[in-house]
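Novice: kindly generate the corresponding structure for this input.
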Amino acid sequence: MAGHRTVRVPVEGGELAVEVAGGGRRAVLAVHGLTGNCRLWNWLRAEAPEIALVMPDLRGRAGSYRVAGRSSVRRHAEDLVRVLDALELDVVAVCGMSMGGFVAVELATRWPGRVRGLVLVDGGLPMAVPAGLTPDALPAAFAPQLERVSRRWADVDEYLAYFLHSNPLLDPRDPLLRDCLEHDLDDGRVLLGREAVLADATDVFFGEHRWRALATPTELVCAEWSAGADTPPAYSAEALAEFREALPVLGRPRRIAGTDHAGTVMTRAGAAVVGAALHDVLLRVR
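Specialist: A predicted model of the protein is given here:
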């Protein structure tokens, strides 16, 4: 696992791009969210360089943009089993952010022998469905996030300015953010599949949730807000209490004060909490 390299793993429909960063003996499979890419974990790499990370671009995103076939939470989990097999990793801890948390839960419950522990970051457990949201309404609801796909961006600075409109608490001067956004772009186009995003969003909000079947040690990190200061969080205090009561393997949730959904992993402060949660889950399964 030493060093930093990119490998390509055959999956149904093409090849998945996977970045591997060396560190400790035991690997962590890090799974990004709905419209993200593997560089979402730049901040965790900076805060916890001792952790060995396996970071795929999920199908329909960035380096895996051209993988063909329908996307779903189940399909992503199947792809990740291929990644583990290709890298000869029998069992790993898994860290999933937002939709990546749902993929992590799918992996841990359908292939429990491959997952030694979970860290869920503002995702993975059922979220309240926004008022009026239906499967048919998803294209309109996600139109602002998908606007990036229809445009050609002059450079990463223009794309950065757009990105900050919906992520106002991120630091525009942060080189890790710039690197993450550059990874999205190819000749001014964002490598993000519209149909993949909508299919995966349908799964997250309206699909089967297998969280009650979790049997592996699990830590949850969540934000104080959703998108900007004083916005409702993905998980209320009441919901967190209900999850803890229903799920014996869940540790005490960690709420990151002064942080929104993006900031849980796209800031050094948020990534430090995620790194601490990973260390704790690895200690629980030692």
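Novice: can you pull out the strands in the chain?
Specialist: Along the chain, the segments classed as strands by DSSP state E run 4-11, 14-21, 27-31, 52-56, 92-97, 115-121, 185-186, 189-190, 218-223, 254-256.
Novice: Serialize those to TSV and add fields for mean pLDDT.
Specialist: As requested, the strands of the chain are exported to TSV (pLDDT from 0 to 100):
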stretch	mean pLDDT
strand 4-11	96
strand 14-21	98
strand 27-31	96
strand 52-56	97
strand 92-97	98
strand 115-121	97
strand 185-186	98
strand 189-190	98
strand 218-223	98
strand 254-256	98
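Novice: okay if I get the ones you listed as CSV plus mean neighbour count and distance to residue 137?
Specialist: Quick note: C-beta positions are derived from backbone N, CA and C, even for glycine. Formatted as CSV, the strands of the chain follow (neighbours: other Cβ atoms under 10 Å; distance: least, Cβ to Cβ, whole Å):
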stretch, mean neighbour count, distance to residue 137
strand 4-11, 14, 31
strand 14-21, 21, 30
strand 27-31, 27, 26
strand 52-56, 24, 30
strand 92-97, 28, 24
strand 115-121, 27, 26
strand 185-186, 14, 29
strand 189-190, 20, 23
strand 218-223, 26, 24
strand 254-256, 18, 29
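Novice: turn these into JSON lines, columns for distance to residue 161.
Specialist: Formatted as JSON lines, the strands of the chain follow (distance: least, Cβ to Cβ, whole Å):
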{"stretch": "strand 4-11", "distance to residue 161": "28"}
{"stretch": "strand 14-21", "distance to residue 161": "26"}
{"stretch": "strand 27-31", "distance to residue 161": "27"}
{"stretch": "strand 52-56", "distance to residue 161": "26"}
{"stretch": "strand 92-97", "distance to residue 161": "23"}
{"stretch": "strand 115-121", "distance to residue 161": "26"}
{"stretch": "strand 185-186", "distance to residue 161": "14"}
{"stretch": "strand 189-190", "distance to residue 161": "14"}
{"stretch": "strand 218-223", "distance to residue 161": "23"}
{"stretch": "strand 254-256", "distance to residue 161": "25"}
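Novice: so which of those is nearest residue 128?
Specialist: For residue 128, the closest of these is strand 218-223, at 13.0 Å, according to Cβ to Cβ.
Novice: hey, C-alpha coordinates of the closest one in PDB?
Specialist: The C-alpha trace of strand 218-223 is given here as PDB (Å, rounded to 0.1, in the frame of the first residue of the first chain):
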ATOM      1  CA  THR A 218     -20.000   1.800  13.200                       C
ATOM      2  CA  GLU A 219     -19.200   5.400  13.900                       C
ATOM      3  CA  LEU A 220     -21.300   8.400  12.600                       C
ATOM      4  CA  VAL A 221     -19.900  11.900  12.000                       C
ATOM      5  CA  CYS A 222     -22.500  14.500  11.100                       C
ATOM      6  CA  ALA A 223     -22.700  18.200  10.400                       C
END
